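K.L.:
no FASTA, just this:
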């Protein structure tokens, strides 16, 4: 049996998945927490430990399966500065807040949003911010860099020794790409970052075969091919770019919720609400909205709430609504449509674990609804990943998107991880897109209550925002001149 190995590297977990090349069946998955080190010189990803884990898993996999191809898919907002043989600097964890110290200076040097469709994001969520900060504080090490590799292609380089770059990762709110011109941004050229990127290749191109040292450590056949690889959320688009006509929307959900509104205009996107334009495998810009949905869900639900996933019912949701219990954004400080606001839970009740899960579900449905509206979503909404398995969340979202000027159907993907299957489809044209299941409607009584709840949620956010502005004005007036 010929198999495809997908190295699926997310911000929270890294996986090695074995996929049947003939039909896309997921044969095996191994997973580990994505390691990060909070130590000198800055918060960075522990790529050395992760690489050793992958070598071990590849060796074990090669003893059981015939591996014909390896594809890497990895999270965005991350890049590696390398010499010919090693890292010039550690790979920055995008949650490192050091670049915030240069934010004002950096933002003045960037291109306008209308050129890059890359919003100003906190911490290291714009790769350009990372590079600007690294060059200022570690100039010696920065000068040693021969290549700047998008994170996906860093791992492809580790496998093959061949340096390349690819548009889906460079075009993910990096400040380094002009999606309309389909070339590097003026900022990237002015700052000489563009010159560090190796030659661009397509995600489904064969990059090469495994490097001799990788062959020796894993026992994989020398005939195994390695593809260039793709940004993880963009991998989720692959099945639908082949089978769906625009307009439609794909929601890739995990640590991040990335909303791709295919067929929506770029004009009117609001960078302050974390709207952007990602770049798909065909170098085409796609209107997007995003928030750290998985992180926020966990913060609201808590460990006990997450454990109650299988016992939570519509009754728990109804209790949340009837008792006016609200989670108000935001529960992550990494952007989103309500960036800069501090998350709070309004309740006079002691919530059960199931109610915490229900509250997290309706909160993420509300925030998804907001982002879908902001990025101009139209047509069917295809949800893949963690949210697709949460019936309560999906039903809430179906209610919210039905009650719009252009009602939309919510369809849950049968695939547990759209990123893995999409990446595997780059290597085999025999793999079909996963099936889609329409989300059933809730009762009409609960529908009415949910819509009233949504109105109250927005009113509370508006009131809190207005109060925050009044407080800021008052504070400014009382400051000594």
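P.N.:
Arrived safely. Quick caveat, the model's predicted, so the values are computed rather than measured. Numbering: from 1, shown residues only.
K.L.:
look up phi and psi at residue 184.
P.N.:
Per-residue torsions, residue 184: phi -60, psi 150 (degrees, to the nearest 10).
K.L.:
hey, where'd the helices end up in the stretch 251-400 of the chain?
P.N.:
Listed in chain order, the helices of the stretch 251-400 of the chain (DSSP state H, counting those that start in this stretch) span 293-307, 314-322, 353-374, 391-402.
K.L.:
what does the shortest one rub up against?
P.N.:
The reference is to helix 314-322. Outside of helix 314-322, the residues that reach it under the criterion CB atoms under 8 Å, 6 or more residues apart in numbering are 325, 352, 354-355, 357-359, 361-362, 392, 395-396, 442-443, 446, 449-450, 452-453. Every residue, glycine included, has its C-beta placed from N, CA and C.
K.L.:
now, of those, which are buried?
P.N.:
The neighbour-count test (16 or more other CB atoms under 10 Å) marks 325, 352, 354-355, 357-359, 361-362, 392, 395-396, 442, 446, 449-450, 453 as buried among the contacts of helix 314-322.
K.L.:
output the below-cut-off pLDDT ranges for the stretch 251-400 of the chain.
P.N.:
Across the stretch 251-400 of the chain, nothing is flagged by pLDDT under 70.
K.L.:
hmm, try it at 90
P.N.:
Judged by pLDDT under 90, the stretch 251-400 of the chain has its weakly predicted residues at 333-335, 339-341, 348-349.
K.L.:
need the contact list for residue 88.
P.N.:
If you count contacts by CB under 8 Å, 6+ apart, then residue 88 has 81, 82, 141, 142, 144, 145, 146 around it.
K.L.:
how does it look with 10 Å?
P.N.:
Each residue near residue 88 by CB atoms under 10 Å, 6 or more residues apart in numbering is listed here: 80-82, 134, 138, 140-148.
K.L.:
ditto for residue 418
P.N.:
With contact set as CB under 10 Å, 6+ apart, residue 418 has these partners: 232-233, 235-240, 250-254, 382-385, 388, 433-434.
K.L.:
for residue 468, same thing?
P.N.:
Each residue near residue 468 by CB under 10 Å, 6+ apart is listed here: 340, 341, 342.
K.L.:
equivalent analysis for residue 167, please.
P.N.:
Residue 167 is in contact with 150, 177, 179, 182-183, 200-203, 230-231, 234, 278-284, counting by CB under 10 Å, 6+ apart.
K.L.:
distance-wise, check it relative to residue 94.
P.N.:
Residue 167 sits 19 Å away from residue 94 when distances are taken as CB to CB, to the nearest Å.
K.L.:
next one: the residue nearest the centre of the chain from residue 275, what distance?
P.N.:
By CA atoms, centre = their mean, the mean C-alpha position of the chain lies nearest to residue 256, the distance being 4.3 Å. Note on residue 256: its distance to residue 275, by CB to CB, is 14 Å.
K.L.:
also residue 312?
P.N.:
31 Å.
K.L.:
now residue 31
P.N.:
In this view, residue 31 and residue 275 are 32 Å apart by CB to CB.
K.L.:
more crowded one of those two?
P.N.:
Taking residue 31 and residue 275 together and counting by other CB atoms under 10 Å, residue 275 has the greater number of neighbours (25 against 14).
K.L.:
nearest residue to that one in space, please, no chain neighbours.
P.N.:
Among residues not flanking residue 275 along the chain, residue 269 sits closest, at 4.0 Å (CB to CB, 6 or more residues apart in numbering).
K.L.:
again with residue 55
P.N.:
Take residue 55 and drop its neighbours on the chain: the residue closest to it by CB to CB, 6+ apart is residue 217, 5.2 Å away.
K.L.:
which phi and psi does that neighbour have?
P.N.:
Per degrees, to the nearest 10, the residue geometry at residue 217, taken as phi and psi, is phi -80, psi -20.
K.L.:
run a quick neighbour tally on it.
P.N.:
Residue 217: 15 surrounding residues under other CB under 10 Å.
K.L.:
pLDDT on the helix ranked longest in the chain, on average?
P.N.:
When the chain is scanned for its longest helix (criterion: DSSP state H), the result is helix 444-478. Mean pLDDT, taken over the full extent of helix 444-478, equals 90.
K.L.:
any buried residues in that helix, and which?
P.N.:
Across helix 444-478, burial judged by 16+ other CB under 10 Å covers 446, 447, 449, 450, 453, 454, 457, 461, 464.
K.L.:
same thing with stretch 244-253?
P.N.:
Neighbour counts using 16+ other CB under 10 Å place 244, 247, 248, 249, 250, 251, 252, 253 of stretch 244-253 among the buried residues.
K.L.:
which members of those residues are positioned in strands?
P.N.:
248, 249, 250, 251, 252, 253 (DSSP state E).
K.L.:
centre of the chain to the helix or strand encompassing residue 187, how far?
P.N.:
Assigning secondary structure by DSSP states H and E places residue 187 in helix 186-190. Once both centres are worked out by CA atoms, centre = their mean, to the nearest Å, helix 186-190 turns out to sit 25 Å from its chain's centre.
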